[in-house]
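Undergrad: have a look; sequence and predicted model below, questions after that.
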Amino acid sequence: MKPRQSSRIASLSLAVLLLATACSRLPRNSKTLFVMVPKLVGIPYFNSARDGASQEASRLGLHFFYTGPTAADASLQVDVIAGLLARHPAVLAVSCDDANALTPVLRRARRYGIPVLTWDADAQPDARDWFVSQVEDETLGRHVLDVLAAQLGGRGQYAIITGSLTASNLNAWLFWMKKQQQEKYPEMQLVAVVPGNDDQQQSFVQAQSLLQAYPNLRGFIGNSSAAPPALARAVEQAGLSGQIAIAGLSTPNLMRHYIENKTVQTITLWDPGKLGRLTAAVAAMMLRHETPRDGMDVSGVGQIRVFPETHKIVMGSPLDFTRENISQYWF
Amino acid sequence: MTSSPSASLEKLANSQSKFTKRMMELRLSGNLQPGVVTLLVLFFCIYAGYRSGDFWSALNWQLLAQPLAEAGLVSLGMMFVIASGGIDLSVGAIVGVAAVTAGIAAQHKLPIPTIEAAALAAGMLCGAFNGLLIGVLRLSSILVTLGSMILFSGVALALSNGNSFAGFPEGLLWWNDAALLGIPVEFFLFLAIAAVAAVLLRYTLWGHYVIAIGSNPIAARYSGYPVALTLFGVYSLQGLLCGMTGILLVARLASARADMGQGLMLMAIAAVVLGGAPIVGGSASVIATLVGVAAFYIVQDGLLLLDVPPFVQYALTSAMLLIAVAAGNLLRGNREDRR
Amino acid sequence: MTPLRSSASERLRLSFHRHETKLASLLLVLGIALAIAAPRFFLTLNLALLARSMGVLLIISVGMLSVILAGGIDVSAGATLAVVSVVLVRLGNHGVPAPVALPLGLLTGAALGAVNAALIAELRIPPIVATLGTAGLFRGLLLEWTQGEWESSVPPWLNAVGSPRWGGLDASVLAAALVMLAAAWILHRTQIGRALFRFGDSPIAAARTGISPRLPIYFAYISLGILTAIGAVFYAAQLGAVQGNAANGYELTVIAAAVLGGADILGGRGSLLGTFLGVLLLCSLQQALVLLHVATFWQNIATGLIVLLGVILSSAPRLHRKLLLQQSSSA
């Protein structure tokens, strides 16, 4: 009885497993396998990057594979990448959850002869061949602060809601935002930097509480795509639309409603799809043993800046979305 | 105890006879779950190996061995906790505290043994805190560790100010790079600790107390068993093992963050349960736990190599847990365990 | 000698007098501290904000209470919340009117709860393991279905539900009050409610008094599913958007609230008033800490300490009972 039951269960489970994995594609030709890893899967920003990269990759004849951790956790991401190394991809491109944590495994990948790119968020310079960045950190940070300052008239209290406190790119932008404010707008006062952890509900609650805790608060910056919509929502629900300035980084789709109803005037980002395309293009270049040149024109992206000393590629300038132009963008 | 091995178990007996014999004589009388799981995983490995050329490569298993070792240490600690009738939700947070402690020690340029000792001590302290509340004050383990999880993660965040530490000395990072015969040193450490755990469980009085308390706490108390001390030891040991995992994680990631080890809690519980240990306690087996941990990591890795999208991976591994436990229950003949 | 096998309602009354008063005194202490340190807390607007932040948590905590009363636990509540939110918003955004979408959402919640109940009652999987598995299953399948796309806008009828009116309160407060009243009636005045207590206390004894082992489990988990669905309505309404990984870890907050409120994890003991006070304590603590300009890290530490305190307080009656048991058996 028991043995028969157990083998029945075993075969049933096996059938289920087989069925579930039957949809998997056959193993790729690893010579043209381009693997792209975001900070985490399931965020519209990274989905756009993926789509751009996937299009460009198939145009360039690369096999595109996209996977990543299900949460913005560096150790999860390292596990995923370690697992991928066994497939000997032709090129690996990673947006790092943590610059330090990813470095050992990326170094290892390079030791195995796999060219490594970082995109969107960097690792340590010796762990990657090139860093494909969307905008210079300094440019972005200063610009977002300028957007806020313009709405505040250069004075007043403001707070920043960021994503995760340990994300290196977010921290870099924070650094330049603060610097810009200290240098150019001494009459503005930063009262709090709180983590929203890329969760809308947490960002929402934090924003509401901040509004209560600092009655003279005049502005918010949402540093990470989940924060601005939640901020705007909190301001809207408190009936303060138009009285509290909001600036930050987010996608047009997430902010459309608030820009149209004037709760938010400007939201900044760049085109993650373009970033994805650029990453795929650079990956193809690596496979052809070509070196990116400063000022070169990449199809679908435009002119890029290349810094050979730091092995950094910069896609372009920040893009502001306002009521005037938001209808042109859909991501 | 089963009298005659079934056909599938006979196959196991031929290839891994020592393990199977041990499994039989373990106190998991009639627990065929590790066997079922091993079988499923074996089938899966064959399938994965067939569909993906990379699955059986040495590199794959080398890379697999490291996170497996880390999760395995925590799972061993969880095995003792669950055997004693409790559960520990704070393991991820304790790993974070240990990692951050190592980070602070490294920042102060302390010698490597001191860094490691600091991390171990931090872990043990957290574990002892749990042990005090659960063992001495006899509070519910799930609730205490829920609270201590929040507390410890707050402590780790406060200590690290939300930043990640870097700049660890090469000697510490050795744990990540060193390998013997191609197998990472971490894995050997894990096996060694597993052996120690097995000895503790079967050959010491303390191990006996743990099992007894798990299977019948009132009887254990009436028999004069030192319940408070035993439970205190269980959770302190768990804390120590979390500290070790913290050090290994720091070495592998060359950095320390407060949120390291977040996913380890669920993994550890799932691994122990997958191995067939009843969640109410009273039974434990190091081998079963090893099977559970290995099953999870092997299946996850295989799914990754099979191009299964990450969310489906997540869903599948959860489904695997449910199927395995249900199967184990059916085989065990509907034992009354509600919690 | 003190009789130990008292009726469920008598025991309930006993615990009513013990734990809830301790909790209330804790709240009183917190209130006094706030009145001195941050009197802004008691502004009408802020209190309304507090009430709104409690709504969703309270509704779901009532469901969790019934599950804990029956001796079980559910760590998949966050995943269920996310699934129902997405279902509701997607249906609504595709033009499905509220009278159709809402019942469908509730049905989804009930179905997910039934899955949990079936795993526990039929397959005899222990509740923590079963719900751990379903949490991963639900969340994984949800994210695969949405492909990580967020719903960045909600249908207007949902928006209206989440908007503040009546002096800063919104419909969630009303709903929470109704849920509490309904739950009080069901738990204390109906057969099934009282059966929950008895079953949670001792399934064997309950079986002997004619309560089938399945019914309380199904009732408890399906109720939690339905209540989570109701919570999802307000969750989506308040945020105005739903992300794929919404409410990650939310169930732990819910459990903490129920436990703070005196629910005994072993089953059979707990009260609605206690749960309400637990939710109140957690939410006011959160708000208070932000008002006091306390850094986010310390919020975790404070919350953790409060939960531990609540656990210590709530276990006092059980220890007392154990002592009585020991005394009586040695007598």
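TA: Nice, I can see it. Residues are numbered from 1 along each chain as shown, chains lettered A, B, ... in the order given.

Undergrad: which stretches in the chain count as helices?
TA: Here I'm looking at chain A. Using DSSP state H, the helices assigned to chain A run over residues A:2-22, A:44-59, A:74-85, A:99-111, A:137-152, A:168-184, A:200-213, A:227-237, A:252-260, A:272-287.

Undergrad: chain C, not that one
TA: Chain-ordered helices for chain C, with DSSP H as the definition, fall at C:8-37, C:44-69, C:77-93, C:98-121, C:127-146, C:156-162, C:171-189, C:191-201, C:203-208, C:214-239, C:250-260, C:272-291, C:296-330.

Undergrad: near chain B at all, the second one?
TA: No - looking at helix C:44-69 against chain B by Cβ under 8 Å from any Cβ of the partner chain, there are no contacts, and the closest approach is 10.4 Å. Backbone N, C-alpha and C define where each C-beta goes, glycine included.

Undergrad: which residues of the stretch 201-331 of chain C lie near chain B?
TA: Within reach of chain B by Cβ under 8 Å from any Cβ, the stretch 201-331 of chain C has these residues: C:203, C:252, C:255-256, C:259, C:265-266, C:295-308, C:310-312, C:314-315, C:319, C:322.

Undergrad: what does chain A have sitting close to chain C?
TA: Within chain A, the positions adjacent to chain C are A:41-44, A:46-47, A:70-71, A:192, A:194-195, A:199-201, A:204-206, A:208-210, A:212-213, A:215, A:226, A:229-230, A:233, A:237-239, A:253-254, A:256-257 by Cβ under 8 Å from any Cβ.

Undergrad: so which of the residues you listed reach chain B?
TA: When Cβ under 8 Å from any Cβ is taken as the criterion, the members of the residues of chain A next to chain C that contact chain B are A:41, A:42, A:70, A:71, A:195.

Undergrad: buried among these? Make that a ChimeraX selection.
TA: A single ChimeraX command selects the buried members of these (16 or more other Cβ atoms under 10 Å in any protein chain shown):
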select /A:41,42,70,71,195
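
Undergrad: going by distance to residue A:82, which of the ones next to chain B among the residues of chain A next to chain C wins?
TA: Taking Cβ to Cβ as the measure, residue A:82 lies nearest residue A:70 of those, at 15.9 Å.

Undergrad: and the gap between the residue nearest to the spatial centre of chain C and residue C:279?
TA: Relative to the mean C-alpha position of chain C, the nearest C-alpha, by Cα atoms, centre = their mean, is the one of residue C:61, at 1.0 Å. Here the criterion is Cβ to Cβ, to the nearest Å. By it, residue C:61 lies 6 Å from residue C:279.

Undergrad: find the residues that touch each one of these two.
TA: In the contact map built from Cβ atoms under 8 Å, 6 or more residues apart in numbering or on different chains, the residues linked to both residue C:61 and residue C:279 are C:257, C:261.

Undergrad: what residues are up against residue 198?
TA: Because you didn't say which chain, this covers chain A. A:40, A:43, A:72, A:163, A:164, A:224, A:225, A:226.

Undergrad: that answer is for a different chain, and I need it for chain C
TA: The contact partners of residue C:198, by Cβ under 8 Å, 6+ apart, come to C:8, C:205, C:206, C:209, C:211, C:268.

Undergrad: swap in residue A:294?
TA: Residue A:294 touches A:304, A:305, A:306, A:307, A:308, counting by Cβ under 8 Å, 6+ apart.

Undergrad: I'd like to know which of those are buried.
TA: Members of those that pass the buried threshold by neighbour count (16+ other Cβ under 10 Å) are listed as A:304, A:306.

Undergrad: now, the contacts of residue A:294 that are in strands?
TA: Among the contacts of residue A:294, the subset assigned to strands under DSSP state E consists of A:305, A:306, A:307.

Undergrad: the residue nearest to the first one when sequence neighbours are not counted: neighbour count?
TA: The shortest distance from residue A:305 to any non-neighbouring residue, by Cβ to Cβ, 6 or more residues apart in numbering or on different chains, is to residue A:314 (4.4 Å). Residues near residue A:314, counting by other Cβ atoms under 10 Å in any protein chain shown, number 19.

Undergrad: go ahead and confirm residue A:314 touches residue A:304.
TA: Yes - counting by Cβ atoms under 8 Å, residue A:314 touches residue A:304, with 6.6 Å between them.

Undergrad: which of the contacts of residue C:198 sit farthest apart?
TA: Checked with Cβ to Cβ, those reach their widest spread between C:209 and C:268, with 13.5 Å between them.

Undergrad: those two: which has the busier surroundings?
TA: Set side by side, residue C:209 and residue C:268 give different neighbour counts by other Cβ under 10 Å, the larger being at residue C:268 (23 against 10).

Undergrad: now the more buried one: closest residue in space, sequence neighbours ignored.
TA: Excluding its sequence neighbours, the residue lying closest to residue C:268 (Cβ to Cβ, 6+ apart) is residue C:201, at 2.9 Å.

Undergrad: what is the neighbour count of the one you found?
TA: Considering only other Cβ under 10 Å, residue C:201 is surrounded by 20 other residues.

Undergrad: please apply the same query to the one 10 residues further on.
TA: Burial measure for residue C:211: 19 neighbouring residues, criterion other Cβ under 10 Å.

Undergrad: now swap in residue C:184 and tell me
TA: By other Cβ under 10 Å, 15 other residues sit near residue C:184.
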